[in-house]
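J.: Let's see this in three dimensions:
(chains A, B and C)
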Amino acid sequence: MSSVPASAFLALALILFCIGLYGALTKRNTVIVLISIELMLNAVNINLVTFSKYGMAPSITGQIFALFAISVAAAEAAVGLAILIALYRTKKTVNIDEMDTMKN
Amino acid sequence: MNLHAILSILVFSPLLGIAVLALMPKDQEKSIKLVGFLATLPALLISLAAYAHYLAGKHLSDFSVSVEWIHFRGMNVEAPYFAVNYELALSGFQLLLVVLTAVVATLASIAARYVKKEWKGFFMLFLLLEVGMLGVFTAENLILFFIFFEVTLIPTFFLIGKWGYFEREKAAYSFLIYNGLGSAVLLIVIMILFAKTGTTNINILKDILADPSAPVSGDLKLGLLIALLVAFGVKLPIFPLHSWMLRVHVQAPVPTVMIHSGILLKIGAYGLIRFGMGLFPEQFDTLSTLIAVLGVINLLYGAFLAFIQTDFKMVLAYSSISHMGIVLIGLAAMNEAGVQGAIFQVISHGLISALLFFIVGVLYERTDTSLIGNLGGMAKGMPVAAGFLLAGAMASLGLPGMSGFVSEFMAFLGLFKEMPWLAAVGTIGIIMTAAYLLRAVLGMTFGKSHREFTGVVDLKGVEFVPVVVLMLLIVLIGVYPSVLSSPLQATLETIMPGLGG
Amino acid sequence: MENAWLIPLFPLISFLILLLFGKRLKEASAYVGILLTLASLIYSILVLFERFSEPTYVTKFDWLTIGDFHLTAGFEVNQLNALMLFIVSLVSFLVHTYSKGYMHGDERFHVFYAYLGLFTFAMLGLVISPNLLQTYIFWELVGVGSFLLIGFYFYKEEAKAAAKKAFIMTRIGDVGLFIGMALLFWQTKSFEYSDIFAAVDAGQVSGTMITLTAILIFIGAVGKSGQFPLHTWLPDAMEGPTPVSALIHAATMVAAGVYLVASLFPLFSASHTALMTVAVIGGFTAIFAASIGLVQTDIKRVLAYSTVSQLGYMMLALGSAGYVAGVFHLMTHAFFKALLFLAAGSVIHAVHTQDIEEMGGLWKKLKLTGPLFLIGTLAISGVPLLSGFFSKDEILAAAWEGGHPVLFVLALVAAFFTAFYMFRLFFMVFTGEARGNQKHVHESPSVMTFPMIILGVLAVVAGYVNTPWFGTFLGDWLVDGNEALAAHGHHEGPVWIMILATVVSLLGIYLAWLIYGKRSVSRNWLSGSGDMLHTVLLNKYYVDEFYQLTIVAITKGISYFLRFIDTFLVEGIVKGITGFVQGLGATGSKMQSGQVQTYGAVAFIGLALLAVIYALTGGYLR
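T.: Here you go, the predicted model:
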């Protein structure tokens, strides 16, 4: 059986990351931005798993780390959405360019 | 008897006062002031005892203390330790400055009777400041010196910013920024020396730097000296780094300004002598013409500007610049007469400016003004205060029989040996000093009175203490200068061999 | 003589007592002052007599150590010092006594006596100093004493200005002295007079250096002795109480300059240029001040200009190498000028004005003051048989012998002027009709007349200690045992000089009598012939105005220029730096848009850039 080369996994991760980055930097809707961030995290996870299998010193650590990242991402999504809802309640908007209270 | 603990007790004794004050209620004005005053006494007594110890013919090295404090080494296990020890010591020069500090601090705590609010905070900061000053003059270690140096900055900032006159906050900020920059430069110098030599003990450093095989090149030494000149030049102050000092002298409250012009400015001179001249004698010699020129500029610049001021405090501020020029002149001479003159000037100006600023404070308390024009004819209403003011001015302009003369005389004598032309230009400053001080003081005391002096009382009660004590010391030094010169001989001998002369 | 240090100590004690307890003693202060100066006087007389038979006494101790140099303090009793001690303590004692009457009723009576004590202490200390440094110290202290006493009536604006002026102008001179002293120290490694003279004698000091230091030291003397161009403070100093003028600004302090040159005479005589400078300045001052004295109308100012002129005479004598002549005139002048001032004080005390236009006809009312004033006037004019005659003759002889014919003529003219203006003063005050508002004119109390009588006697007889007729005791004694001075001892001048001097002074007196006594010549005879000249003289050659327009203006100009630099350049640079920092901060904060996405983009670009750099350089920037 011909194995899928490591470069294919890495290319997938790169594409995923770029999509995520593009979304995170350009989309006005905060929910989309959050989803894009999830995409980037998943790209990272793919990288971790790839290297745990095809890396210089293959070991289980990469997969364990990916699991950590997934659980942290879940927690982060929960907190992020909670903040988003709170913001929506006060500002009546989910548009990211209207959330500039960091200025001044 | 074991004397090693004495210096630590001396330096940290004001902390006792802080502890007592911390336990007192805020509103007991009288007892707070009393405690503040009493807390300065232990340092005074111990410093006088140390002087008596010296007079009894014993060695000042009895007081040295050295305790291991911090030490570490680099990545390489073979490398020698980098050690910072807790080291305090007294030499003749340091002894004199410690006595001066203790005396002026005690007298300033008497002058603190004019403080109008938040006495508790005032005295706690004041005593912390005293710890810093005593530490600066006794530290034998550059890092320790730097720590104490910083300890003097912060309380002074608050003392000016909170208890000063109208533009106090601006004055406090310019004080902090200028001096902060100065101490940053100082810190860089210390760190370079530390990194290169592995020690910050002043005496060891001196030996290492005197060794031509030391890991510090001549150019680097010159650079370090110039940096030191900037760092302490801010403090002294040297033209053009002086503008912060004018604001501070006008805005700071009486006790602070007594301490400030009496002691804090002297840290600059002390640093230049102890570190600038002590550590880099050859480079100092290279720069001596520059320093002499700076000194003459300071002297004349301050004198000419003092000549046209309308506020007596400004006159005194510019006169401080002018008098610090004499310190530089003496140092630039690089001979015994000059350096001794510079040190004399440091101490003499400390006493004289404390006296004059106290009297100004007294006047301001009673008349709410320090403008020369508003005070004309004061001798009629306050003859005693006017008399002391005149006597103080005479001391300041270098009247023989008072301390100012001895220092001015020696500093100029020293420079006349090395650079007669520059010294001759500098003597214009002597004339100008007489001119601006008489203009200001006679403008205030003599002539027709411009205002009613009814209800304005003369000096009274406890106010006599600072005035009389300072005056007696000024006259004592003027009549019998050996009280200062004999402790200094040993110090001069340690500085002079490095000068090759 | 070993206790001669006590002499200055007595007045110092008086000063301290009066400073601390004066307020309680009130007018009893006078007794403290008088008794203690009497003690000084008695002691000085003893020392003087002892000095006739014994050699010079010097003692010293370490005062200040500078490295290897040990500066000493101490005292020395040589001929000149012993004589000066006597003169100073005598005049001081007499003035102390006189002031008891003159200052009676003044609110600050005790302060006056305290200041007198301080001054006397400093002056006595000055004259027994064995070294230049100690001389300088007391030199400055007498300046302060003088300053305090000139400004005694501190509430008067004129007194304030005069005191300030006196202090600053003498300080200008003092700085010259200071520079000279410092330079001399590094040449000879000592401040001791004896060491300096030895070094000069041994040729250790170069000729230029001797000339330079001597002239610089002479500048100090110029300031103190009111010589041109630093003379303007002395007439203004007349704002002080009259006894002070007699003590300080006639007899003692102003003569300190002469004393200084005299005590450093071996230094001066080693340089021809220096001596010439002294002689020229002295001669010029003599005639310059005398010409101003011709037209002044304030009794004290006339005397002040006369003092300046007489001091010029003394300088001229010293500059012409007439050591004895200078010191001799210093002594006689001290007596007759103090007498004149005290008598003038007595007149002022009686009529309460200083303007001679408002006096006149006082001869009959002031039965004692009048004749005493006349004695002083005759003495200063150089009328034969009085003290001034002998000393002036000695000076003229010295000038002639010294080979300065021009200066000799100047001195003669000055002598003519002196005789003229002094008798003008005398005639206007004491003869003719009473002008002005004079009520209750009465003779002064005996406490004031007694010192005047003593001085009157001395003004007559003091000249006989050194005359060509009866022997030159003073001259021989002064140079005894001192080879450097022996060559400059008494000069036996030709007889025609004496006759010429007498004729000149009598002519002056006659002219004054014609104009102001007999009034056969109009008073406007002089001023009418040269209105311009009269105005110029009345305004003292506009020297004050000249200084005001030049030195004072330049000083102020520099000050304002520096203030400009201070506020604009120094502060400007500081403002520039703070402005730059603030601007940087402002720009930085503008870049914070608050848009999370912008921040993210910037961070990502930065990261990417770092990655590129890493990839290109391998992690190290080289």
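J.: residue ranges with poor pLDDT in chain B?
T.: B:1-2, B:74-80, B:450-455, B:496-501 (pLDDT under 70).
J.: scratch that, the stretch 301-450 of chain C
T.: C:436-439.
J.: Compute the number of surrounding residues for the closest residue to B:Glu29 other than its chain neighbours.
T.: Nearest residue to B:Glu29, sequence neighbours excluded (Cβ to Cβ, 6 or more residues apart in numbering or on different chains): B:Trp119, at 5.5 Å. For every residue, glycine as well, the C-beta is placed using N, CA and C. Number of residues near B:Trp119 (other Cβ atoms under 10 Å in any protein chain shown) recorded here: 25.
J.: wouldn't B:Trp119 be in contact with B:Lys33 here?
T.: Yes. With contacts counted by Cβ atoms under 8 Å, B:Trp119 reaches B:Lys33, the gap being 6.1 Å.
J.: what's the overlap in contacts for the two?
T.: Residues touching both B:Trp119 and B:Lys33 by Cβ atoms under 8 Å, 6 or more residues apart in numbering or on different chains: B:Ala112.
J.: And the residue of the stretch 51-200 of chain C that's closest to chain A?
T.: Nearest residue of the stretch 51-200 of chain C to chain A, counting by Cβ to the nearest Cβ: C:Lys164, 60.1 Å away.
J.: for the stretch 101-250 of chain B, same thing?
T.: For the stretch 101-250 of chain B, Cβ to the nearest Cβ, closest residue to chain A: B:Tyr173, 23.7 Å.
J.: For that residue, list the residues it contacts.
T.: Per Cβ under 8 Å, 6+ apart, neighbours of B:Tyr173: B:Gly161.
J.: Which secondary structure state does it sit in?
T.: helix (DSSP: H, G, I helix; E, B strand; the rest coil).
J.: distance of it from C:Phe430?
T.: Computed as Cβ to Cβ, to the nearest Å, the B:Tyr173 to C:Phe430 distance reads 73 Å.
J.: Could you do C:Leu149 as well?
T.: 28 Å.
J.: repeat for B:Val84
T.: B:Val84 is 89 Å from C:Phe430, by Cβ to Cβ.
J.: contact partners of stretch B:371-387?
T.: B:309-312, B:315, B:359, B:362-363, B:366-367, B:369, B:440, B:443-451, B:453-454, B:456-459, C:154-155.
J.: same for chain A: which of those are within range?
T.: With respect to chain A, and counting by Cβ under 8 Å from any Cβ of the partner chain, no part of the contacts of stretch B:371-387 is in contact.
J.: What's the ChimeraX line that selects buried ones from those residues?
T.: Buried members of these, defined by 16 or more other Cβ atoms under 10 Å in any protein chain shown, are picked up in ChimeraX with:
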select /B:309,311,312,315,359,362,363,366,367,440,443,444,445,446,447,453,459 /C:154
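J.: what comes into contact with the strand or helix carrying C:Ile573?
T.: Under the criterion of DSSP states H and E, C:Ile573 resides in helix C:571-590. For helix C:571-590, the surrounding residues in contact (Cβ under 8 Å, 6+ apart) are B:240, B:243.
J.: sorry, back to before: could you check how far the residue of the stretch 101-250 of chain B closest to chain A is from C:Lys575?
T.: B:Tyr173 is 14 Å from C:Lys575, by Cβ to Cβ.
J.: now do A:Gly20
T.: 50 Å.
J.: Between the two, tell me which one has more neighbours.
T.: Taking neighbours as other Cβ under 10 Å, A:Gly20 and C:Lys575 compare with A:Gly20 leading, 21 against 11.
J.: Would you check that the more buried one makes contact with A:Ser36?
T.: Yes. Between A:Gly20 and A:Ser36 there is a contact under Cβ under 8 Å: 4.6 Å.
J.: just to revisit the earlier point, out of the contacts of stretch B:371-387, name the ones that lie in helices.
T.: Judged by DSSP state H, these include B:312, B:315, B:359, B:362-363, B:366-367, B:440, B:443-445 as members of helices.
J.: contacting residues around the closest residue to chain A within the stretch 201-350 of chain C?
T.: Checking the stretch 201-350 of chain C residue by residue against chain A with Cβ to the nearest Cβ singles out C:Trp233 as nearest, at 68.2 Å. Shown in contact with C:Trp233 (Cβ under 8 Å, 6+ apart): C:162, C:165-166, C:169-170, C:226.
J.: 6 Å instead?
T.: C:165-166, C:169 (Cβ atoms under 6 Å, 6 or more residues apart in numbering or on different chains).
J.: With C:Ala221 instead?
T.: C:257, C:260-261.
J.: run the last query once more with 8 Å
T.: C:173, C:177, C:227, C:256-258, C:260-261, C:315.
J.: how far away is it from chain B?
T.: From C:Ala221 across to chain B, the span is 17 Å (Cβ to the nearest Cβ, to the nearest Å).
J.: Where does that residue fall, secondary structure wise?
T.: helix C:207-224.
J.: residue boundaries of the strands in the stretch 401-550 of chain C?
T.: C:466-467, C:471-472 (DSSP state E, counting those that start in this stretch).
J.: would you turn the ones you listed into CSV with mean pLDDT?
T.: Output for the strands of the stretch 401-550 of chain C, formatted as CSV (pLDDT from 0 to 100):
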stretch, mean pLDDT
strand C:466-467, 76
strand C:471-472, 70
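J.: Would you tell me which of those strands gets closest to C:Pro445?
T.: Set against C:Pro445 and scored by Cβ to Cβ, the strands of the stretch 401-550 of chain C come closest in strand C:466-467, at 35.1 Å.
J.: helices or strands up against the closest one?
T.: Under the contact definition 3 or more Cβ pairs under 8 Å, 6 or more residues apart in numbering or on different chains; DSSP states H and E, strand C:466-467 sits against helix C:387-401, helix C:473-479.
J.: deepest of the ones you listed, which one?
T.: Among the helices and strands packed on strand C:466-467, helix C:387-401 has the highest mean neighbour count (mean count of other Cβ atoms under 10 Å in any protein chain shown), at a mean of 28.
J.: Identify the residue nearest A:Leu87 in space, chain neighbours excluded?
T.: Per Cβ to Cβ, 6+ apart, closest to A:Leu87 is A:Met99, 6.7 Å.
J.: quick one: contacts for the residue lying closest to B:Phe280 once chain neighbours are set aside?
T.: Distances taken as Cβ to Cβ, 6+ apart place B:Leu225 nearest to B:Phe280, at 4.4 Å, with adjacent residues excluded. Counting by Cβ under 8 Å, 6+ apart, B:Leu225 touches B:276, B:280, B:283-284, B:287.
J.: Also B:Thr152?
T.: By Cβ under 8 Å, 6+ apart, the neighbours of B:Thr152 are B:129, B:132-133, B:136, B:264, B:267.
J.: and what of C:Ser381?
T.: C:388, C:415, C:418-419, C:422-423, C:505, C:508-509.
J.: What of C:Val32?
T.: C:14, C:17-18, C:25, C:113.
J.: element containing it?
T.: Going by DSSP H and E, C:Val32 is in helix C:29-53.
J.: Buried by neighbour count: which residues of that helix qualify?
T.: In helix C:29-53, counting by 16+ other Cβ under 10 Å, buried: C:29-30, C:32-34, C:36-41, C:43-44, C:47-48, C:51.
J.: pull the CA atoms of stretch B:139-149 into PDB?
T.: Only the C-alpha atoms of stretch B:139-149 are listed here, as PDB (Å, rounded to 0.1, in the frame of the first residue of the first chain):
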ATOM      1  CA  ALA B 139      28.900  52.900  51.100                       C
ATOM      2  CA  GLU B 140      32.200  51.300  50.000                       C
ATOM      3  CA  ASN B 141      30.500  49.400  47.200                       C
ATOM      4  CA  LEU B 142      29.200  50.900  44.000                       C
ATOM      5  CA  ILE B 143      26.000  48.800  44.000                       C
ATOM      6  CA  LEU B 144      25.300  49.700  47.600                       C
ATOM      7  CA  PHE B 145      26.100  53.300  46.700                       C
ATOM      8  CA  PHE B 146      23.600  53.100  43.900                       C
ATOM      9  CA  ILE B 147      20.900  51.700  46.000                       C
ATOM     10  CA  PHE B 148      21.300  54.400  48.600                       C
ATOM     11  CA  PHE B 149      21.500  56.900  45.800                       C
END
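J.: Many thanks, I have nothing further to ask.
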